[in-house]
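Visitor: predicted structure and sequence below. I'll ask about it afterward.
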Amino acid sequence: MPEFKIRLLVADVDGTLVTQEKVLTERSIASVQELHAAGVLFAVTSGRPPRGMSMLIGPLKLSTPIAAFNGGLIVEPDMTVIDQKVVPEPLVGPTVALMESFGLATWIYRGAEWYVRDLTGPHVDREAATVQFQPTLAETFAGLDQGVAKIVGVSDDLAAMGRATQAAREQFGDHVTAAQSQPYYLDVTHPEANKGSVVKFLSSRFEIPTSQIATIGDMPNDVLMFAHSGLSIAMGNASTDVQRAAQRVTTTNQDEGFANAVQRFILPRKAR
């Protein structure tokens, strides 16, 4: 197979770019700076809201668009909105009801706000620490169905999460994208708000063929961007299914998997 140069690397954040403790390591920072020096563009995409990625902008010197909510909201590093795709209004209520029928707690991200119905619910504290802002308590989600970027179902019952994910896909079909961004998070977004669409957007924005784009991630929602890139890399902490969907596998995010992937798979290609 002929070698080709990589001109853009698109990275997932949680489970990929940062450690389990949500730490951006010095090696990861240094690797991104090496990409910049080699003329390789670097972009991030995540299920996080835009504000939840703002802490990456300075250390990584990000200049590319930031794709939040799995592509539901794309912003410039100064948080200027470039593109927004929201969940169809008639599906917000039914989506929440479906998630709750499987025992999942539900959250809504709308504009810059994050709404929950229980401030002490599962993973609320963890998410607040990750995105570095607090949710808004809402007794009901009634009236919040306009402009919803993402609905999240939350549970540590992994079997229930799997059933809820499958049910959302069966009930709503192509009207939404339903994918797990973490084992305990089910994200429902606009049908075109997925990481595959993010790669296509960046390909068009920078006039880079997808064959010259590399992607790296660890969760099922990253597989969609693997399919639209010339080089796909799964983290060592990814499931077997996710690893099988990628062309390469690096070490875990606890063992500098992102930095190791840049050094092993991206920079050598660029150098050659």
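Guide: Sure thing, it's come through.

Visitor: so Lys199, which state does it fall into?
Guide: That one is not Lys; residue 199 is Val. Using DSSP: H, G, I helix; E, B strand; the rest coil, the structure places Val199 in helix.

Visitor: measure it to Ala214 for me?
Guide: Look at Val199 and Ala214: by Cβ to Cβ, to the nearest Å, they are 10 Å apart. Every residue, glycine included, has its C-beta placed from N, CA and C.

Visitor: and for these two, which residues touch both?
Guide: Residues touching both Val199 and Ala214 (Cβ atoms under 8 Å, 6 or more residues apart in numbering): Val10, Ser229.

Visitor: excluding covalently adjacent residues, which one is nearest to Ala142?
Guide: Among residues not flanking Ala142 along the chain, Gly93 sits closest, at 7.9 Å (Cβ to Cβ, 6 or more residues apart in numbering).

Visitor: Asp145 is in contact with the one you found, correct?
Guide: Yes - under the criterion of Cβ atoms under 8 Å, Gly93 makes contact with Asp145 at 6.2 Å.

Visitor: the two: which is more packed in?
Guide: Counted by other Cβ atoms under 10 Å, Gly93 and Asp145 do not tie: Asp145 has more neighbours, with 20 against 14.

Visitor: secondary structure class for that one?
Guide: Relying on three-state DSSP, one would call Asp145 coil.

Visitor: do the one 4 residues further on as well
Guide: With three-state DSSP as the basis, the three-state label of Ala149 is strand.

Visitor: quick check, it in contact with Val86.
Guide: Yes - applying Cβ under 8 Å, one finds Ala149 in contact with Val86, separated by 5.8 Å.

Visitor: ok, these two, which is more surrounded?
Guide: Using other Cβ under 10 Å, the more surrounded residue of Ala149 and Val86 is Ala149, with 24 against 21.

Visitor: any idea how far Leu98 is from that one?
Guide: Separation of Ala149 from Leu98 (Cβ to Cβ) stands at 18 Å.

Visitor: hang on, the earlier thing: and the residue nearest to Ala142, which of the three is it?
Guide: Gly93 ends up helix, using three-state DSSP.

Visitor: which residues are in contact with it?
Guide: Gly93 makes contact with Phe141, Ala142, Asp145 under the criterion Cβ under 8 Å, 6+ apart.

Visitor: can you report how many residues lie near the nearest residue to the last one once chain neighbours are set aside?
Guide: On the basis of Cβ to Cβ, 6+ apart, the spatially nearest residue to Asp145 that is not a chain neighbour turns out to be Val92, at 3.8 Å. If you count neighbours by other Cβ under 10 Å, Val92 ends up with 23.

Visitor: what do you get for the one 4 residues further on?
Guide: For Val96, the number of neighbouring residues by other Cβ under 10 Å comes to 22.

Visitor: kindly report the same for the one 5 residues further on.
Guide: The burial count assigned to Ser101 is 12, neighbours taken as other Cβ under 10 Å.

Visitor: Ile82 now?
Guide: With other Cβ under 10 Å as criterion, Ile82 counts 13.

Visitor: so it makes contact with Gly71?
Guide: No - look at Ile82 against Gly71 with Cβ under 8 Å: they stay out of range, at 11.1 Å.

Visitor: for this protein, which element, helix or strand, carries the lowest mean pLDDT?
Guide: Among the helical and strand segments of the chain, the one scoring lowest on mean pLDDT, DSSP states H and E is helix 267-271, with a mean of 66.

Visitor: show me where the stretch 101-250 of the chain has its helices.
Guide: Using DSSP state H, counting those that start in this stretch, the helices of the stretch 101-250 of the chain run over residues 124-131, 158-172, 195-206, 220-226, 240-245.

Visitor: deepest-packed of these, please.
Guide: helix 220-226 (a mean of 24; mean count of other Cβ atoms under 10 Å).
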